[in-house]
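>>> show me how the following folds:
(2 chains)
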Protein chains: 2
Amino acid sequence: MSYSAKVLSLLENCGATEGDRIIVETGQKKMEGILMPHHSFSNPDVIILKLGNGYNVGIRVSDSTRVRLIEKAISKSMKRSEYAPQIERKTISVIGTGGTIASYVDYRTGAVHPALMADELVSAVPEISEICNVRAEVLFSIFSENMTVQRWQALAEAVADKLGEGVEGCIIPHGTDTMGYTAAALSFMFESLPRPVILVGAQRSSDRPSSDAYTNLIAAARFAVESDVAEICVLMHESPSDTSALIHRGTKVRKMHTSRRDAFKSINAWPIARIHFEGGIEYLSDYRKKNGNRVILKKEMEENVALLYFFPGMSVSKFENILREHRGIVIAGSGLGHVSSDMVHSIARAIRSGTTVVMTSQCLYGRTNLNVYDTGRDLLAAGVIPGEDMLPETAYVKLMWVLAHAASEKDIESMMRENLRGEISQRRELDE
Amino acid sequence: MSYSAKVLSLLENCGATEGDRIIVETGQKKMEGILMPHHSFSNPDVIILKLGNGYNVGIRVSDSTRVRLIEKAISKSMKRSEYAPQIERKTISVIGTGGTIASYVDYRTGAVHPALMADELVSAVPEISEICNVRAEVLFSIFSENMTVQRWQALAEAVADKLGEGVEGCIIPHGTDTMGYTAAALSFMFESLPRPVILVGAQRSSDRPSSDAYTNLIAAARFAVESDVAEICVLMHESPSDTSALIHRGTKVRKMHTSRRDAFKSINAWPIARIHFEGGIEYLSDYRKKNGNRVILKKEMEENVALLYFFPGMSVSKFENILREHRGIVIAGSGLGHVSSDMVHSIARAIRSGTTVVMTSQCLYGRTNLNVYDTGRDLLAAGVIPGEDMLPETAYVKLMWVLAHAASEKDIESMMRENLRGEISQRRELDE
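Numbers count the residues shown, from 1 in each chain, chains lettered A, B, ... in the order given. Below you'll find the model as predicted:
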């Protein structure tokens, strides 16, 4: 602990330690909750309480602050060293990768660091030990904007290993910035998956008031154990309130807000399930069930692929090299999947020189259709592959995977147009 | 008219011509409506009726089809040649640019062509003549993916001319693919605007059942005449049902669905107004009012600007030239406005060599914040300008305009960070 002398004496005077239920009174305010762990990055003058509603709140201690001990921690808040697996409970694997969910605010700079180890994270959530046994490890500690193909592959191998050891599911705390991309990458890499892999993030770091880190982690543990789903999925808050989380299919999910806790949305698909924080799982769409099959991991990816955003005024001459130098290109076109006429010519030349080009829509919602307008027909004639209703990000990840696994040029197109991992919805399923 | 002999004789036998109210019976079905104009692209065997609910429906004529005349057209359906401006009514200008709203389905190929002239479009909507006098002209007839900076400028000049002539407002039928970009471009170009400019599109061509072309055009005419708003705005359906349209601010609107009629959404802002098709305008946010100021048009744009989408796995070496060769770059980064560490270095080099770089978020919703994480701080240190809560598309258009109008390097940053045309919302206005 590196609390200030003021805080230390307050806690020592009433005999309170980490995990105990206490009341903190400052002026008119009185708050009751569980005393949360203090980390080196935390402000030394702040006590963090976990309230009854699941929120964490940071209270700055002043000279008039008083602290009372209500209840000593019981087994619920066992220290990590005392923590022994419970034989009768299922075991899940937690594979840390970094991100806000594993981050602490550095009180000196106000910046957020991915400083928390997976086991620290788990030990900060005593509720998890009532749900399952946990094997926690840290694979990376990065901001997710630094995810790479190699890290996707290392993560997939770690998941395959854990599933091979027989765990009931894998939980992957992950930065939210590129969590959708990683979920899509794992989706394509696992051709056979017997149990669930749940990517879980947080939009508020775990020592901030209203952090979603703990509620999401607990929901992920419950979902891995209680549900019969065996998919790659993303778990995040359903709404700004603290009542439920959604399980999104890994190929259909996108971060749609920079900061809200309910930033992740299923696009052109229903989520797989809703997890009520008070208990209960509600299934919202079809899914693949837990099974006894062995894990099949195909992790090869063609890295020479790019995602290009079309915009009016795009300079064909400047982007010509980008088109030609990549083995594959996914374009986020306008509307039904369009680009300007001069870009059509440029794309046609790139395709003749061996680039595979897939068209998606920057609208995100809806389906590409290259049959309606002349522009689309010209693109089809040039050999562009329609991305159906795939997200641009998912199509990008899929193209990397398909280029590494297709047996022939023809195979590339048929694999891109086929629904391999729930990434393409059936036509009209979700239309008006 | 180029109806088939079968259709011609049915219409002639009952004395029905364009604009008349008729009943068409085919087998069990009986439909009453106004006989719509027939165009060279229309199927010669199909009669198009405008139903009471505003929908158009195409009825294929068979041998058992019967047609009855209910009511001859009165002044409501005056032929274009008979159309004389009404002095007491306000005059609006309709400047056609092409797009689905001005398109007809070619029955031979099923493709959609932007074949309809603005005056044909207006004459197909007799209701408009009850609202205002119309001066219609066609400026372009293109698919909007072929919009260019030069066309934005030509359009802005045409608008300035018409406003100079004293029209009550301009309506611009426009393809939906890049309507948001054009609306943003006009927004920045008009430094002073006395009356409204309304871009209006359709997701279904005007001869299809459930076309939104006519309802949107009528709503635009009503809004230009009845409201006191003087902004560049976009008008489209509010929902899939045919009950209301929304007026979106030109700098805050984005096409969010490939095909739905309610595809356009205001992002990080409330729409300006709701127009009920049954009558009535509801104001939803603050707006600039009609005024007596003269038009100030500043149409210069720096064309050497690009919009780049960040994705994990992005090859720094391949995109290095794109960064350096453009005078300005808007990046749609991940989350709060992030890119991978190696892209940060590449961006820093580009900025040192004279490129202006603005950061937005591919989440679309929410606000960039480069102060929270190390990546953001590094970007700020490199000289990246935060795009606040601007759409990537709006920031792209704004950067083109700012680079052409800023007096100095320092001015570029301050103009990009200032709210010039409603493109930046106040902090927290729309947060959770």
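>>> neighbours of residue A:345, how many?
For residue A:345, the count of nearby residues is 14 (other C-beta atoms under 10 Å in any protein chain shown). (C-beta placed from N, C-alpha, C; glycine too.)
>>> what's near enough to touch the nearest residue to it once chain neighbours are set aside?
Closest residue in space to residue A:345, ignoring its immediate chain neighbours: residue A:316 at 7.6 Å, by C-beta to C-beta, 6 or more residues apart in numbering or on different chains. For residue A:316, the contacting residues are A:340, A:342-343, A:345-346, by C-beta atoms under 8 Å, 6 or more residues apart in numbering or on different chains.
>>> which one of the residues you listed has the most neighbours?
Top of the contacts of residue A:316 by neighbour number is residue A:340, holding 26 neighbours under the definition other C-beta under 10 Å.
>>> doesn't residue A:311 make contact with that residue?
No: if you go by C-beta atoms under 8 Å, residue A:340 and residue A:311 don't touch, sitting 9.3 Å apart.
>>> follow-up on the earlier one: let me see the confidence value for the residue nearest to residue A:345.
Model confidence at residue A:316, given as pLDDT, is 94.
>>> report the beta-bridge partners for the residue nearest to residue A:294 when sequence neighbours are not counted.
Closest residue in space to residue A:294, ignoring its immediate chain neighbours: residue A:192 at 6.7 Å, by C-beta to C-beta, 6+ apart. As for beta bridges, residue A:192 partners with residue A:296 under DSSP bridges.
>>> next one: residue A:192 from residue A:227, what distance?
As judged by C-beta to C-beta, to the nearest Å, residue A:192 and residue A:227 stand 19 Å apart.
>>> quick check, the helix or strand where residue A:159 lies touching chain B?
Using DSSP states H and E, residue A:159 maps to helix A:149-164. Yes: Helix A:149-164 comes into contact with chain B (C-beta under 8 Å from any C-beta of the partner chain), by way of residue A:149.
>>> next helix or strand past that helix?
Proceeding N to C from helix A:149-164, the next assigned helix or strand is strand A:170-173, under DSSP H and E.
>>> ok, that next one: who's next to it in the sheet?
Strand pairing for strand A:170-173, using DSSP bridges, gives strand A:91-98 (parallel), strand A:197-200 (parallel).
>>> thinking again about what came up before, mind listing what's buried in the helix holding residue A:159?
Neighbour counts using 16 or more other C-beta atoms under 10 Å in any protein chain shown place A:149, A:151-153, A:155-156, A:158-160, A:162-163 of helix A:149-164 among the buried residues.
>>> and the contacts of that helix?
A:93, A:95, A:97, A:135, A:137, A:139-140, A:142, A:170, A:172, A:182, A:185-186, A:189-190, A:193-195, A:197, A:295, A:297, A:299, A:301, A:303, A:400, B:312-313.
>>> tilt between it and strand A:91-98?
Helix A:149-164 and strand A:91-98 are oriented at 170 degrees to each other (axes from the mean of the first three to the mean of the last three C-alpha atoms, to 10 degrees).
>>> distance between helix A:149-164 and the chain's centre?
Relative to its chain's centre, helix A:149-164 lies at 15 Å (C-alpha atoms, centre = their mean, to the nearest Å).
>>> what of stretch A:381-401?
The chain centroid and the centroid of stretch A:381-401 are separated by 22 Å under C-alpha atoms, centre = their mean.
>>> so what does the residue nearest to residue A:345 look like in phi/psi?
Backbone geometry at residue A:316, expressed as degrees, to the nearest 10, gives phi -60, psi -40.
>>> just residue A:129 next, same as before
The phi/psi pair for residue A:129 (degrees, to the nearest 10) reads phi -70, psi -20.
>>> in the stretch 301-432 of chain A, what residue comes closest to chain B?
residue A:366 (3.0 Å; C-beta to the nearest C-beta).
>>> re the thing from before, what separates the residue nearest to residue A:345 from residue A:349, distance-wise?
In this view, residue A:316 and residue A:349 are 10 Å apart by C-beta to C-beta.
>>> just residue A:306 next, same as before
16 Å.
>>> more neighbours: which of the two?
More crowded of residue A:306 and residue A:349, by other C-beta under 10 Å: residue A:306, with 23 against 15.
>>> which SS class is that one?
Secondary structure, DSSP: H, G, I helix; E, B strand; the rest coil: residue A:306 is strand.
>>> in space, what's closest to it - neighbours in sequence excluded?
Distance criterion C-beta to C-beta, 6+ apart; nearest residue to residue A:306, sequence neighbours excluded, is residue A:326 at 4.7 Å.
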